[in-house]
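**Q** test case, fold it:
(one chain, ligands or ions: 1)
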Amino acid sequence: MGKLKINHEKVNDEVAERLIKICPFNAFEYQSGRLDINAGCKMCKICVKKGPKGVVEFIEEEIVKIDREAWKGIAVYVDHAGGAIHPVTIELIGKARELAKKVNFPVYCIYPGYQVLDSAEELLHYGVDEVFVYDYRELEHFRIEPYAAVFEDFIDRIKPSVILVGATAIGRSLAPRVAARFKTGLTADCTVLDIKENTDLVQIRPAFGGNIMAKIITPNCRPQLATVRYKIMAAPRRSKKISGKITVCSMEVDRFRSGIEVIKITRKPPEENISESEIIVVAGRAIKTQKDMSLAYELAEVLEGNFAGTRPLVEAGWIEAKRQIGLSGRTVKPKLIITLGISGAVQFTAGMKSADYIFAINKDPNAAIFKIAHFGIIGDIYEVVPKLIENIKAIKGMAGRTFTKYAAPVSRH
Ligand SMILES: Cc1cc2nc3c(=O)[nH]c(=O)nc-3n(C[C@H](O)[C@H](O)[C@H](O)COP(=O)(O)OP(=O)(O)OC[C@H]3O[C@@H](n4cnc5c(N)ncnc54)[C@H](O)[C@@H]3O)c2cc1C
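**A** A predicted model of the protein is given here:
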């Protein structure tokens, strides 16, 4: 990395105007004869290359080599609400153990909260070496400043090489703040994680709209931070035996200062979440009208599953955004997923390819979805799906029953 330096003695009205014009990000501000660069700067350096000579300079930052030996262990942030641990935490513990084994690191958990010791013990059933609990009334509800302060204390104290955070609403807010505080890298929404012998974390995620899988490393900074969505990694089995230990940490309460005061907590009514479903029927653009969505609804109902869709159906307003699967939607890992007339674009498959069984129906034998499907039918969904529904009904002894949980039953073509 580096930074841009403005040589102010070379700035005048004409120079400022030229720079303002060439910057594609409107990152120059010229006020009262002073030129400044604002937060819009993307470091494209066009001002250095094409701007008036010598006015803006790029200063390379000296790379300070980190001492990898000083940073040991893989830590997982315990995502929770009032001690109810989000299952992404367990999935990340599983991944942390796998990575730790390769480089002979311990696995830690960092757990800020209030009266959370009992739930911290539960983590010892999953092979964690040490759970660091910060148990303070000030940490009862998630507030960004005190939680970031806990992270800072933990990192200074333990010096973990890697920190994994669930890509939940809390994790997505906390991880970037911690990364910025330690001037280190953070890769969001990793889909694959590996570790090199030299302890560099290999963070892999789709980039450029899913057209490439980017491999990201942070060789010059520690700790290395990554967020991972729920249902991307496999959760380890709970062992009956416990191992590891709990360490209760203390900190000066002063450091929990916050500009946020939690006045009242109102619980949202529980929402249906497709990520929790074991069977999902997904509708694709092959569905011609909104009324025909009943094909997916009824198949989902007879299978006692849920329904979802690809992005075009969300854009058409036929399904809610929370039912979109893919890179910009939800990630799911059901036992069975049935795709109805879906091509298999990478942006869609990124959100479902870890399903145990993928069953695709598409009339195009060359559709990419068949490359990842375990089973498939090459055919028209308008012919195949009604037959499938009838057959399932016959097998389950549901013949003649209508299903209206999601919407009106299928109108046959
Ligand atoms: C940054 C970015 C993020 C994105 N995120 C997402 C995302 O999260 N989720 C998502 O879904 N998409 C996402 N997309 C869009 C994605 O690229 C695809 O455009 C989309 O997934 C295509 O949806 P589809 O398969 O339903 O439609 P299509 O690609 O149009 O495929 C329709 C398929 O139906 C088949 N077909 C047509 N008629 C029939 C029939 N009667 N019977 C059987 N088969 C039939 C066709 O052969 C075709 O294969 C994203 C794109 C970008 C750029």
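**Q** ok, now which ones touch Ser328?
**A** If a contact means CB atoms under 8 Å, 6 or more residues apart in numbering, then Ser328 has Arg311, Gln347 as its contacts. C-beta: built from backbone N, CA, C; applies to glycine.
**Q** element containing it?
**A** Using DSSP states H and E, Ser328 falls within no helix or strand.
**Q** could you pull up phi and psi at it?
**A** Dihedral pair for Ser328: phi -100, psi 10, per degrees, to the nearest 10.
**Q** with the one 5 residues further on instead?
**A** Dihedral angles of Lys333 (phi, psi; degrees, to the nearest 10) stand at phi -140, psi 60.
**Q** these two touch, right, it and Lys231?
**A** Yes: between Lys333 and Lys231 there is a contact at 4.2 Å, judged by CB atoms under 8 Å.
**Q** how close does the closest residue to the ligand within the chain get to Cys190?
**A** Nearest residue of the chain to the ligand, counting by CB to the nearest ligand atom: Gly326, 2.3 Å away. From Gly326 across to Cys190, the span is 16 Å (CB to CB, to the nearest Å).
**Q** quick one, helices of the stretch 301-413 of the chain?
**A** Along the stretch 301-413 of the chain, the segments classed as helices by DSSP state H, counting those that start in this stretch run 311-315, 346-349, 369-372, 381-395.
**Q** please apply the same query to the stretch 1-150 of the chain.
**A** Using DSSP H, counting those that start in this stretch, the helices found in the stretch 1-150 of the chain span residues 13-22, 46-50, 87-103, 117-123, 144-158.
**Q** what would those helices look like in CSV with mean neighbour count?
**A** Formatted as CSV, the helices of the stretch 1-150 of the chain follow (neighbours: other CB atoms under 10 Å):
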stretch, mean neighbour count
helix 13-22, 15
helix 46-50, 15
helix 87-103, 21
helix 117-123, 16
helix 144-158, 19
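**Q** dump these to JSON lines, plus mean pLDDT and distance to the ligand.
**A** Listed next are the helices of the stretch 1-150 of the chain as JSON lines, based on pLDDT from 0 to 100; distance: least, CB to the nearest ligand atom, whole Å:
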{"stretch": "helix 13-22", "mean pLDDT": "96", "distance to the ligand": "28"}
{"stretch": "helix 46-50", "mean pLDDT": "95", "distance to the ligand": "25"}
{"stretch": "helix 87-103", "mean pLDDT": "98", "distance to the ligand": "19"}
{"stretch": "helix 117-123", "mean pLDDT": "96", "distance to the ligand": "32"}
{"stretch": "helix 144-158", "mean pLDDT": "97", "distance to the ligand": "28"}
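**Q** domains of this structure?
**A** 2-60, 68-256, 274-396 (automatic domain parsing).
**Q** what would those domains look like in TSV with distance to Thr266?
**A** Shown next, in TSV, are those (distance: least, CB to CB, whole Å):
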stretch	distance to Thr266
domain 2-60	34
domain 68-256	12
domain 274-396	20
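**Q** near the ligand, which residues of the stretch 251-400 of the chain?
**A** 284-286, 310-312, 324-329, 341-343, 345, 347-348, 351, 361-364, 367, 380-382 (CB under 6 Å from any ligand atom).
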